[in-house]
Each structure stands twice: as C-alpha cells, then as structure tokens.
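Q: here you go, sequence then predicted model.
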There are 2 protein chains.
Amino acid sequence: MEAEGTTVGIIGLGLIGGSVALRLKQQGYADCILGSDLSGEAANEALSLGIINEISSTDNLLNRASVIVIAIPVDATKKILPQLLDNCKSNQVIIDMGSTKSAIARVVENHPNRSSYVACHPIAGTENNGPSAAFSTLYEGKVNIICDKELSNGKALETALEITEIMGMRVKYMNSVEHDRHIAYVSHLSHISSFTLGQTVLEVEENEKNIFDMAGSGFASTVRLAKSSPEMWAPIFVENSKNILEVLNAYIANLEQYKKMIEKADSSALFAAMKKTNRIRAVLENGAKQKSETKELIN
Amino acid sequence: MEAEGTTVGIIGLGLIGGSVALRLKQQGYADCILGSDLSGEAANEALSLGIINEISSTDNLLNRASVIVIAIPVDATKKILPQLLDNCKSNQVIIDMGSTKSAIARVVENHPNRSSYVACHPIAGTENNGPSAAFSTLYEGKVNIICDKELSNGKALETALEITEIMGMRVKYMNSVEHDRHIAYVSHLSHISSFTLGQTVLEVEENEKNIFDMAGSGFASTVRLAKSSPEMWAPIFVENSKNILEVLNAYIANLEQYKKMIEKADSSALFAAMKKTNRIRAVLENGAKQKSETKELIN
C-alpha cells in the first residue's frame, strides 16, 4: 500500500479521469489530486465538484505528482505522453486510459523512459461525459486491460495494479496489437452501429414527426451509445482504422445477408440465423462466469 | 367499467400474452383467463405459474370469452384471425398485439365481422420470452398503437381502450400502413442491427477466445436485442419486408459513409457526423415529454 499523502495528477477531467480521481480520494489512496484539462470550464467544474484539489499546469503536475493518469482523447495522448516521459523523474509512474493502444505504444516504443509508463484500458464508461458525469464506482467489477506489461518497470506495474485493485477492477494482460484488434469488435463496432442507427432514424424523422413516440426500450438500448462524446470517439476510429474497417466490412456483409433473406422472404433462413445468434445470451453469461474464474488465477 | 366476471381468452402465452393476462387479473378486469398455446409445455407452464385459469381450445375460448387477445407471431395471426372472426359472436371483441399491422389488416379487410376486431401494437417487450418472462407491469407507461380505429365498432374500440388503460398504457392512433413504415425505423432496424452485431462478434470469437472478456456495458446494451425470439422476429421481417429493406438500405449507406470517413482518416467529418447524431439524446428526452402532453389530448 502507498504511504498516505500520495499526490496524483489527472490529465483530462471528464467521465474517465474524474471517476478515477473520485475513487482514489474516496479510498484514501490519494491525499491530493492535481487536475489539468484543456477546458478551463471543465477544470473549474471538477474543482467545484470536489473531484480535484487543485487545478494544475502539466509542469506543476510533473513536479509534484507521484502518479500521473492520462484520460484524454487518444490522439491527444499520443502528443502529451512523450512530453511527460521527457520530463518525468525515475520514480514517477504514468498511466493512460485510452481505448486504442498500439498507436500510442508505437509513439513511445524507443523512449528512454518508456518503462515509467503503463498502458491501460479500463473497460468502463457510460454515454455521458464531462466532470459532472464522473462517479466513484464507475470501474467497480469491470476489467482493466494492461497492455505490453513487459515494457513497464516493476514499480510502474505494481502501482498500476494497486490502482486497478483500488478501483475495484480485475486485470487482464494483452499486447497492444491484439488489444486493438479485439476491441474493434466488442466496443468500436458497437459505437458505429449505434451512431449510424441514430443517424438513420433522425434522417427519416425530419419528414416523419412523432416517429420517436413509437420507440420502445429496445430502440433506446440499441441507440444509447449514439449519445457518446465525438471528441473521444473520432480519434479512436482514426487511430484504430485498420481493425475497424475489417470489422465494419464483416458487419455490412452480415447486414447484406439479412437483406437477401428478407428479399427472398426466407423465413427459415432468418430463423436459423437468429437462432444461432441467440447463443450471445449464453456467451455473455459464461463470459461473466469466466471473468470471476480468471480473477482467481490472476490475483 | 366491465362488470366483474369477465372471461378473457389469450391466444399465445409468452411474454406478451402472459403479461396481459397477469395484468388483467391483477387489476380485477378479468375474472377468468382462458389460455391457448401451440406448445403444450408453454400452456402447462402458464397454468402452473397462475397466469391463466384454464388451458383452452380455440373453440372453447370462442364460446366463453367476451374478449380474445391474440399474442402470437404475425404470420400465425394472419391465419387465426379470419377463423376467429368467422365464428365470433356480435358482442365479442378480438384484439391482436402484433408488431406489423398492414398485412393482417389486408387479410380481414373485407370480412363481414371486421368491426369486432381492433388492431393493436403495444410498444413494450423485453429480450426474454415464454410464460416465465411475463410480468404484470410490462406495459406500464408505454404506448399502445391502435391502427385503423375507424374499422372497429364502438364496443370493440371501447373495450380496447379500457384494456389499454388497465395495462397502464397511453394510446396513439395510426393507420396500419403508416405504422409499418415508422416501426421499421424505430423497432425492426434496431433488431437487425443488434442481431448482425451479435453475429459478427460471434463469428470472430470462434478464432479469438476470450474476446467477450473485453466486452463492456456498451456492447451488452447494443447487442441485447439479439437475444430476442426468432419465432417472433422472422415473421415480422418477412411481413414488413418492403419497409425494412428501405430502412436497411439507408442504414447500410450510413455505415458506408462512416467507412469512407475512417478510410480517409477524416476526424473532422467523423466528429461532425457524431455531433449531429448526439441530438438523439434531446429527441428521446423530448419524445418522453411529448408523450405525456399527448396523453392529455387523447384521454
């Protein structure tokens, strides 16, 4: 356990960074949270909500924080991470929380201070953003993926694992290339399917008022991610374009297959396709079961 | 208010029919619920769960029930509805709950007893099915769409409205053609996007074990409808194929647009597209507000 009095720096005070700050303070890990955000409004909001103790410049943060958590869009992370590593002390630990990992990994792969950095992707979030969306239990029971752990030094990895535990998360190790390929399927595609669903219905709604009066909980559930932050998601789609394009092609091919079955009025083919996909229920339930078994192995 | 002692017949004892039965009994509208289901297992389950009072043949149901509610797949409704109308008494009321309306409407448009029938579509459901999925509050606060109301007689419409109120629903009137076009957008497309999302991820999962360990709540929300019943949905897709194909084409075109923006690494176009779709948040919230205003006008 860290000694009391740890100072933590958080760069990016939205849902992700704000929720880390709240949790680390609540659990007594952080004595003081220094926060930085490009938006002065967000920084002031985080301060007045008690998420951070001080609004801080990056320099001040590098001077005083023993741990720095980066929770900003992935393109911005690619810019700030090398700068932080240029100036960090040997016992400082820098963690990022971005949803794509290999582009960031490439930017720092030859950096002399690479080992002070731990690449994390906590699989947690909501469709809301900004400091007011943050809450201390966002990460509880979720998975934190740590990428390329062999490139981090012992102290850095240990700190990341301690924070993972304090956030109530289980850890999973992957390499960053594998991470980006898999996450394109289970996260990035969901966001695109949801954004395009929302777009399609909004486009027709211009001519067909009151269409949303007919929308039920199924539509609300499927379109929920279309409320997500474009600031965060545009960079993710660009950074992980190769994997996402592959996944999008597979998705569109499956939609075309449904189109063909519907054109042919082929009830039994539609039935068979849906029946097969119903397996998702068991897989998601088994996934939850496997996760708790994995926990035993890792902890 | 109906006199106590009303006997209601329910054809189809799954989530939809079972939930109507539970509600009508709980609220004291129905004294006796006669239930019929193609599956003997489902009928026995409904009986043992106390959803119905008696397992009944269609003939017995026609003899004894003053109201008959059809809650079976839409292709099966098209077959049974004319048979029920052939044999119904002048003061009996027949209601169906299917998710497509114009194909059913066409089947009975020239039937001499057409006016005993009320075409309903309660916008309510979950991804679960069978008698054990039924619960009495499924419909509370939701919208019941009544189609082509001018084709139903006064007594039939009055009964449907009374049941709508007892189920805790608000009513919305549409014609069946308009209904089917709109519902393709806000319900049928969501189901196809969710089924194909589940399929796409399951296909890659065959080679990439543990991918679901990386799935968060966003994926779970977007893929939830892929757990839905193929028995119910295959007929819906076939019955409403013309509208669904139009909607699917619009959806695929939007996905292709995302593909192009991602291929070009066009962050600002992606940002703009997502920002525009973020309006869905306000629209859904306004929709909820408008619904309660509409209630004032209709009731």
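A: Sure thing, it's come through. Bear in mind the structure is a predicted one, so any value in this text is a computation, not a measurement.

Q: what does the closest residue to residue A:263 other than its chain neighbours show for phi and psi?
A: Distances taken as Cβ to Cβ, 6 or more residues apart in numbering or on different chains place residue B:245 nearest to residue A:263, at 6.5 Å, with adjacent residues excluded. Yep, even glycine has a C-beta here, placed from its N, CA and C like the rest. When quoted as degrees, to the nearest 10, the phi and psi of residue B:245 stand at phi -60, psi -40.

Q: got a list of what residue B:245 touches?
A: Contacts for residue B:245 (Cβ atoms under 8 Å, 6 or more residues apart in numbering or on different chains) come out as A:259, A:262, A:263.

Q: name the member of these with the most neighbours.
A: When neighbours are counted by other Cβ atoms under 10 Å in any protein chain shown, residue A:262 leads the contacts of residue B:245 with 23 neighbours.

Q: so it sits in a helix?
A: Yes: membership of residue A:262 in a helix is supported by DSSP: H, G, I helix; E, B strand; the rest coil.

Q: isn't it up against residue B:236?
A: No: Residue A:262 is not in contact with residue B:236 according to Cβ atoms under 8 Å; the separation is 10.2 Å.

Q: tell me the pLDDT at the residue minimising distance to the centre of chain A?
A: Closest to where the C-alpha atoms of chain A average out (Cα atoms, centre = their mean) is residue A:99, at 4.5 Å. The score at residue A:99 is 95. That number is its pLDDT.

Q: distance between the ends of stretch A:63-70?
A: Stretch A:63-70 has its terminal residues 16 Å apart, counting by Cα to Cα, to the nearest Å.

Q: from the chain's centroid, how far away is that stretch?
A: Distance, stretch centre to chain centre, for stretch A:63-70: 20 Å (Cα atoms, centre = their mean, to the nearest Å).

Q: quick check: buried residues in that stretch?
A: A:65, A:66, A:67, A:68, A:69, A:70 (16 or more other Cβ atoms under 10 Å in any protein chain shown).

Q: give the bridge partners for the third one, please.
A: Here residue A:67 sits in beta bridges with residue A:8, residue A:93, going by DSSP bridges.

Q: thinking again about what came up before, out of the buried residues of stretch A:63-70, what pair is the most spread apart?
A: Farthest pair in those (Cβ to Cβ) is A:66 and A:70. Separation: 14.9 Å.

Q: what's the neighbour count on residue A:242?
A: Counted by other Cβ under 10 Å, the residues lying close to residue A:242 total 13.

Q: mind checking the pLDDT average for the helix or strand containing it?
A: Counting by DSSP states H and E, the element that carries residue A:242 is helix A:241-263. In this model, helix A:241-263 has a mean pLDDT of 98.

Q: distance between it and the chain's centre?
A: Computed by Cα atoms, centre = their mean, the chain-centroid distance of helix A:241-263 equals 25 Å.

Q: helices along chain A, start to end?
A: Using DSSP state H, the helices found in chain A span residues A:15-26, A:40-48, A:58-64, A:74-87, A:102-108, A:154-166, A:176-183, A:189-205, A:217-223, A:230-239, A:241-263, A:267-277, A:280-298.

Q: list the residues that contact residue A:217.
A: Neighbouring residues of residue A:217 by Cβ under 8 Å, 6+ apart: B:124, B:125, B:126.

Q: now do residue A:25
A: Residue A:25 touches residue A:33, counting by Cβ under 8 Å, 6+ apart.

Q: then residue A:145?
A: Contact analysis of residue A:145 by Cβ under 8 Å, 6+ apart lists A:120, A:121, A:122, A:123, A:171, A:172, A:173, A:174, A:179, B:214.

Q: 10 Å - rerun?
A: Listed by Cβ atoms under 10 Å, 6 or more residues apart in numbering or on different chains, the contact set of residue A:145 reads A:101, A:119-123, A:164, A:169-174, A:176, A:178-179, A:182-183, B:213-214.

Q: ok, residue A:45 next?
A: Residue A:45 neighbours (Cβ under 10 Å, 6+ apart): A:13, A:18, A:37, A:39, A:51, A:52, A:130, A:131, A:132, A:134.

Q: state the distance from the fifth one to residue A:84.
A: Just to be clear, that refers to residue A:51. 21 Å (Cβ to Cβ, to the nearest Å).

Q: can you check the fourth one too?
A: To residue A:84, residue A:39 is 19 Å away according to Cβ to Cβ.

Q: what would the helices of chain A look like in TSV with distance to residue B:209?
A: Shown next, in TSV, are the helices of chain A (distance: least, Cβ to Cβ, whole Å):
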stretch	distance to residue B:209
helix A:15-26	28
helix A:40-48	40
helix A:58-64	40
helix A:74-87	26
helix A:102-108	21
helix A:154-166	23
helix A:176-183	10
helix A:189-205	18
helix A:217-223	27
helix A:230-239	24
helix A:241-263	17
helix A:267-277	18
helix A:280-298	10
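
Q: what about those helices, which gets the closest to residue B:107?
A: Evaluated over these, closeness to residue B:107 peaks at helix A:267-277, with 17.1 Å, by Cβ to Cβ.

Q: what residues does the stretch 1-150 of chain A put near chain B?
A: Residues of the stretch 1-150 of chain A lying near chain B by Cβ under 10 Å from any Cβ of the partner chain: A:73, A:75, A:121-128, A:142-143, A:145.

Q: count of neighbours near the residue of the stretch 1-150 of chain A at minimum distance from chain B?
A: Per Cβ to the nearest Cβ, the residue of the stretch 1-150 of chain A with the smallest distance to chain B is residue A:123, at 4.3 Å. Residue A:123: 23 surrounding residues under other Cβ under 10 Å.

Q: which residues touch it?
A: Contacts of residue A:123 were listed using Cβ under 10 Å, 6+ apart, and they are A:99, A:139, A:142-145, A:169-170, A:172, A:183, A:186-187, B:213-219.

Q: hmm, 8 Å instead?
A: So residue A:123 contacts A:142, A:143, A:144, A:145, A:187, B:214, B:215, B:216 (Cβ under 8 Å, 6+ apart).

Q: reformat those as JSON lines; add pLDDT and distance to residue B:286.
A: What follows is the contacts of residue A:123, written out as JSON lines (pLDDT from 0 to 100; distance: Cβ to Cβ, whole Å):
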{"residue": "A:142", "pLDDT": "95", "distance to residue B:286": "32"}
{"residue": "A:143", "pLDDT": "95", "distance to residue B:286": "36"}
{"residue": "A:144", "pLDDT": "97", "distance to residue B:286": "37"}
{"residue": "A:145", "pLDDT": "97", "distance to residue B:286": "38"}
{"residue": "A:187", "pLDDT": "94", "distance to residue B:286": "29"}
{"residue": "B:214", "pLDDT": "88", "distance to residue B:286": "35"}
{"residue": "B:215", "pLDDT": "89", "distance to residue B:286": "31"}
{"residue": "B:216", "pLDDT": "87", "distance to residue B:286": "28"}
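
Q: which of those residues fall within strands?
A: Of the contacts of residue A:123, the ones assigned to strands by DSSP state E are A:143, A:144, A:145.

Q: residue B:230: which of those is nearest?
A: Of the ones in strands among the contacts of residue A:123, the one sitting nearest to residue B:230 (Cβ to Cβ) turns out to be residue A:143, at 30.9 Å.

Q: grab the nearest non-local neighbour of that closest one.
A: The shortest distance from residue A:143 to any non-neighbouring residue, by Cβ to Cβ, 6+ apart, is to residue A:123 (4.8 Å).

Q: in JSON lines: the ones in strands among the contacts of residue A:123, plus distance to residue B:278.
A: Shown next, in JSON lines, are the ones in strands among the contacts of residue A:123 (distance: Cβ to Cβ, whole Å):
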{"residue": "A:143", "distance to residue B:278": "27"}
{"residue": "A:144", "distance to residue B:278": "28"}
{"residue": "A:145", "distance to residue B:278": "27"}
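
Q: let me have the buried residues of stretch A:63-70 in TSV, adding distance to residue A:9 and pLDDT as columns.
A: Output for these, formatted as TSV (distance: Cβ to Cβ, whole Å; pLDDT from 0 to 100):
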residue	distance to residue A:9	pLDDT
A:65	3	98
A:66	9	97
A:67	7	98
A:68	4	98
A:69	7	98
A:70	9	98
